[in-house]
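Q: Have a look at this fold, sequence not included:
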């Protein structure tokens, strides 16, 4: 009896100790990807795997303007017959330590097997470094190398999995376990569209925009402030989020291109339509019998084999190029919205002008935000068509590009999701809010002065019509 | 007699045949006998087995909590595979809140309250007072079967069950997560957290069912104890267990209606649109603003008006049982029987006017804090008296160091720690700091686990022979005790330190705060100990299940104890006693000088005056 | 075997005392440098230590007694008689009156601090409210009045806002207006020993004084101590205590950023 109990105890302990490893997180695929015919799907999957890896084995595709981390260095002196070099570092040299991964990025070694290794010894005082991975061919002065490449992405991933994943999801699809309970839903990064940016209409957000959102949160939503995350963590997680967005957008672009010919749904729909036409036309002049969905798919399969050779490499290359350029461009000064005039003095006259613009046909703000700015304009009562189709949304009111219902902001609450600085609100009006029906008025409908008038009017709404009811219910606790 | 050993028969009683009595009961079907039984013993055993299984469930939930605290955001076994495989097996924060909420819920409502009042109360009250059954046997049966809807609804509340039936969208991830205290608004506004939706409604329904079950029991216990005592069983000849059960029943009867009413009010707020607890104009998760002018603090008052007395409901019966067992294992009368009774009554009385100590920093009028502090600190007094009396009971006895005794000593020792840590919390200024930190977690685990559960472990082994006619294996029981005791202390003692270090409770990840980040290794040690403690409970279950069928057989009175229950056959048949017992003594006449040949004197044993005088005169 | 168990229980108590004794050295004790940084906190710490001493003596005493009776019961010889006693009236009286006196002393001794800090001095009119702290799921949003103005119960156009960052002047009592935007929260600054629940529908003034200057990396942490939903643990903020001058400078800086119209930047 005793013995058997002891066995039981030991067995259970082993069992518990053995539970250390669990399932591994994977990046999810878009619906558009899984809708492709199997052959095309396979290509998308392998490409993603090759170029981006999986959450536990990240791959840094260097084509993109993502700061993958690490410190670059340039060889200034070669010693010990090419086995030791003195390096001038460009950045934070503290990460140069034993076993840190090392990559030669220029010089004779690049492209060779020996271009990848790790740091063997490093003398911080002399900046002298030896490495593993072979010394042939020997480096020469001027060769460039990177230490700790990908470190930032890894840190970002760790921070993301701990703080962001449960809402934004492993792949940034806004579908983590907590997401389903939140209103509004967490951002789906995979379209590369971010709402609150300081950039012009079609541009991506800047690093600074993401930084602001992470630091100060988005009031009125469940995105809290992560002000005390630590600078390094914040920087890394911004890079990781950009990388996730790029990954998602890449998948999306490839899908969009392939969907035209290789979407199972489209093929089936086309076959069904052709069959319906054929059935309807029976008895009259007999058209050619259309092919079945299965036959159409098989034809698509053949076509894809051809397409794979001719166009897919270019598609991958082109998509990557487009995305890389878009993200790089958004960081440039010309993408930033800068008011051409200073804020118009916030006085009664300006607010009145703003009010008139708000109610004018030029602004038409009231159609969504309501005449009193309560976010209850007529547009919220209408049924709207889905973009690019004849179908209507099943729910009244506006929808964002992710297809989710959307409330125009109630401007009387003093909650400004994209920030409460006048310039933030200016930018919202100037370039609109990406992914939503809020259009940009800058350059076209409104002059910058006029936008400032609207800004002044909007910012005054909170104080003029503060609802008194809610406040009346509150009372201060007194003890005396 | 210096050592105890199981005896097959007992001198002075003819035969050990359970069915050897002549009450003339007709045969019952299997279902009537074992399932929908009205026999208090069967009901008691049903309660006991149910609560032991629930103990394992609650323990598993606790291990989930501990796992997250030791390895935050890493793979969690079972939960990680079942619910979060997609995310690499790391749990979500709302799952963590569900874990600790359900842990407390299961342990309080499905383990501690029913094991004391339901299992031991049912089994022992008629046997100890010499009655053939409870006053209302059918009501008694219902009190058990009302537990099952409660268990089912708690499962729904945890997100277990098909979505079309429960309406809980999101499975266990959307399980109720407001803590067992269910403070509004989190519990009142459906959008305020994942677990605040349908799951919380199920939780409230379940609590109502538990309440109904308890109420049926308590009415029954009071009636039985008042009306059905055997001849000679005066109030001050009742074992302390019975006193404890009696006082507990009174506590329950007076406190429970308040919780039930509060629960209905909260359900009404959630389903009917009333606003007892909801202030106006609150927007949560961009839902429509709330209307009406309720007060969230009202819930805290109502809830704690029940739940503070409930703490004593979770403790007093164990105190009574331990008193009985200690006296028997020390072969010595209980020290200060009447002070023990009076102090239990005092605890119960004071227990009604201390609820505010849960609310010192809640925003209630600070002047109230002083009143509640005085009453709270004074409630330590009867507890102290009881502790001194237990030590007095052990003093000078002939101790039998078996599993029962060890668990009883652990009860006393752990109760001292739990009681003393309570003084910190009772002092309002100090409570400002340690309120809602791990200090309180340490405190109530020392009281509820360290005291009550060790008392229950002792009780299981002590009355096991009466339930099954067989003994539990004492060696395994000792192993179980040592592992549990070490695991328990290593898990919970450091929580005092975590509390002093300011670690708030109910945190899924405390380590991202700089002032707490160094506490991870300590938490990992605690988790390892908790796993050890969890594994050790299989020894108890195994010992229980094995001994039921293969344990050493025993007679009516294997412990040479005095109580009436030991005059009945083991296990007692329907109707309990061969003949109506007549009581001549108090229950604690161990080593009495008026009997010479043995160190116990059963309550039913009549000692002629002459013999008493002769023996006592020596 | 009985002796082993007597030692076992005594050893547990000894280990408990030892662990408690070494805890401060292992940093399993009060946070930060171990000292409270407000006058209220210092008083609380004193009371804590007073109770700790009383409790420790009681703990050691009761466990010594328990150890003694266990040892005696374990070593009792077969021929020895068991002490047949139903109790002792005088002992009961002693161990009722002595603990009652001690407990009453503890209760009355605490009154003063609570009364002084929570009842008597508890007047928002006397202590200037520097900010309104609004807890929400899952962050702290803070509103300051503009320089030279008093905090109004409702937002004003020139108010200054921060999130998860509370600045207060040091060296004098300051108060904040604590409220919540959604569910219940609790304002807890461990190093100041300040805690107050934020209750929906109420505005609760909380006051404290920070003794020393706490800025930069040395700032104190503000946490939520009342379950407020899944992100309860995320509510991490910092409390900066600085001189009046620094406070005003900081407020100017934040106000400047907050009213930024983006134009000047371009001119530079």
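A: In hand now; what should we look at? Because the structure is predicted, anything quoted here is derived from the model rather than measured.
Q: residues in contact with residue 83?
A: No chain was given, so I picked chain A. With CB atoms under 8 Å, 6 or more residues apart in numbering or on different chains as the criterion, the residues that contact residue A:83 are A:130, A:135, A:138. Where C-beta positions appear, they are placed from N, C-alpha and C, glycine not excepted.
Q: actually chain C
A: Contact criterion CB under 8 Å, 6+ apart gives B:332, B:395-397 as the residues in contact with residue C:83.
Q: Smallest distance to chain A belongs to which residue of the stretch 151-268 of chain C?
A: When scored by CB to the nearest CB, the stretch 151-268 of chain C has residue C:262 as its residue closest to chain A, at 3.2 Å.
Q: so that residue sits right up against residue A:425, yeah?
A: No - the criterion here is CB atoms under 8 Å, and residue C:262 misses it with residue A:425 at 10.4 Å.
Q: Helix or strand with the lowest mean pLDDT in the chain?
A: I'll assume chain A. Taking all helices and strands of chain A together, the one with the lowest average confidence (mean pLDDT, DSSP states H and E) is helix A:468-472, at a mean of 39.
Q: um, chain C though
A: helix C:263-267 (a mean of 60).
Q: Identify the residue nearest the residue nearest the centre of chain B in space, chain neighbours excluded?
A: The structure's chain B has its C-alpha centroid closest to residue B:112; by CA atoms, centre = their mean the separation is 2.4 Å. Once its chain neighbours are removed from consideration, residue B:112 has its nearest residue in residue B:314; the separation is 4.6 Å (CB to CB, 6 or more residues apart in numbering or on different chains).
Q: In contact with the one you found, which residues are there?
A: B:108, B:112-113, B:116, B:448, B:452.
Q: The lengthiest helix in chain C near chain A at all?
A: Within chain C, and with DSSP state H defining each element, the longest helix by residue count is helix C:39-74. No - no part of helix C:39-74 sits close enough to chain A to count as contact by CB under 8 Å from any CB of the partner chain; the gap is at least 15.4 Å.
Q: pLDDT averaged over that helix - what is it?
A: For helix C:39-74, mean pLDDT rounds to 95.
Q: Against which helices or strands is it packed?
A: Using 3 or more CB pairs under 8 Å, 6 or more residues apart in numbering or on different chains; DSSP states H and E as the contact criterion, the neighbours of helix C:39-74 among helices and strands are helix B:380-394, helix B:403-426, helix B:428-434, helix C:2-22, helix C:89-114, strand C:202-209.
Q: Which positions in it come out as buried?
A: For helix C:39-74, the neighbour count (16 or more other CB atoms under 10 Å in any protein chain shown) marks C:39-41, C:43-45, C:47-48, C:50-52, C:54-55, C:58-59, C:62-63, C:65-67, C:69-74 as buried.
Q: so which of the helices and strands packed on helix C:39-74 comes closest to chain A?
A: Counting by CB to the nearest CB, and looking across all of those, nearest comes strand C:202-209 at 5.1 Å.
Q: which neighbours does the closest one have in its sheet, and in what orientation?
A: Using DSSP bridges, the neighbouring strands of strand C:202-209 in the sheet come out as strand A:475-476 (parallel), strand C:173-180 (antiparallel).
Q: what separates the next helix or strand after it from the chain centre, distance-wise?
A: Reading on from strand C:202-209 to the C-terminus, the next helix or strand found by DSSP states H and E is strand C:220-224. For strand C:220-224, the gap between its own C-alpha mean and the chain's C-alpha mean amounts to 11 Å (CA atoms, centre = their mean, to the nearest Å).
Q: So which residues make contact with stretch C:47-66?
A: So stretch C:47-66 is in contact with B:387-388, B:391, B:394, B:409, B:412-413, B:416-417, B:420-421, B:423-424, B:427, B:429-430, B:433, C:9-10, C:13, C:16-17, C:20, C:102, C:106, C:109-110, C:113, going by CB under 8 Å, 6+ apart.
Q: of the residues you listed, buried ones?
A: The neighbour count (16+ other CB under 10 Å) marks B:387-388, B:391, B:394, B:409, B:412-413, B:416-417, B:420-421, B:423-424, B:427, B:429-430, B:433, C:9-10, C:13, C:16, C:20, C:102, C:106, C:110, C:113 as buried among the contacts of stretch C:47-66.
Q: Identify each of the helices in the stretch 1-150 of chain A and give its residue range.
A: With DSSP state H, counting those that start in this stretch as the definition, the stretch 1-150 of chain A shows helices at residue ranges A:2-17, A:31-34, A:38-52.
Q: could you give the mean pLDDT of the shortest one?
A: What that stands for is helix A:31-34. Averaging pLDDT along helix A:31-34 yields 89.
Q: Which segments of the chain make up each domain?
A: You didn't say which chain, so I picked chain A. Domain assignment of chain A by automatic domain parsing yields the ranges A:25-63+A:156-336, A:71-149, A:348-468.
Q: Chain C, not that one
A: According to automatic domain parsing, the ranges for chain C are C:2-77+C:85-120, C:129-263.
Q: contacting residues for residue B:529?
A: Contacts of residue B:529 were listed using CB under 8 Å, 6+ apart, and they are B:486-491.
Q: Out of the residues you listed, which is nearest to chain C?
A: Compare each of the contacts of residue B:529 with chain C using CB to the nearest CB and the shortest gap goes to residue B:489, at 6.4 Å.
Q: residue contacts, the closest one?
A: Under the criterion of CB under 8 Å, 6+ apart, the contact partners of residue B:489 comprise B:529, C:12, C:16.
Q: in terms of contact, does residue A:200 touch residue A:335 like I think?
A: Yes - contact between residue A:200 and residue A:335 holds when scored by CB under 8 Å: they sit 5.6 Å apart.
Q: picking that back up, which residue, neighbours along the chain excluded, lies closest to the residue of the stretch 151-268 of chain C closest to chain A?
A: Spatially, and ignoring its direct neighbours in sequence, residue C:262 is nearest to residue A:423 (3.2 Å; CB to CB, 6+ apart).
Q: buried stuff in the strand or helix carrying residue A:271?
A: Residue A:271 belongs to helix A:264-280 when assigned by DSSP H and E. By neighbour count, and taking 16+ other CB under 10 Å as the criterion, the buried residues in helix A:264-280 are A:264, A:266-267, A:271, A:274.
Q: Would you mind pulling the contact partners of that helix?
A: Residues beyond helix A:264-280 that count as contacts (CB under 8 Å, 6+ apart) turn out to be A:35-37, A:259-260, A:287, A:289-293, A:296-297, A:300.
Q: Let's see that with 6 Å instead.
A: Outside of helix A:264-280, the residues that reach it under the criterion CB atoms under 6 Å, 6 or more residues apart in numbering or on different chains are A:35, A:37, A:290, A:293, A:296-297, A:300.
Q: Run through who's touching stretch A:116-129.
A: Here stretch A:116-129 makes contact (CB under 6 Å, 6+ apart) with A:84-87, A:96, A:98-103, A:130-133.
Q: how about 7 Å then?
A: Residues from elsewhere that reach stretch A:116-129 (CB atoms under 7 Å, 6 or more residues apart in numbering or on different chains): A:84-87, A:96-103, A:130-133, A:147.
Q: List the buried residues of that stretch.
A: For stretch A:116-129, burial by neighbour count (16+ other CB under 10 Å) applies to A:116-117, A:119, A:122, A:127-129.
Q: Which residues of the stretch 251-400 of chain B lie near chain C?
A: On the criterion CB under 7 Å from any CB of the partner chain, chain C has as its neighbours in the stretch 251-400 of chain B the residues B:279, B:282, B:284, B:295-297, B:330-333, B:335-337, B:339, B:361-363, B:366-367, B:369-370, B:373-374, B:377-378, B:380-381, B:384-385, B:387-388, B:391-392, B:394-399.
Q: Strands of the stretch 451-600 of chain B, start to end?
A: Using DSSP state E, counting those that start in this stretch, the stretch 451-600 of chain B contains no strands.
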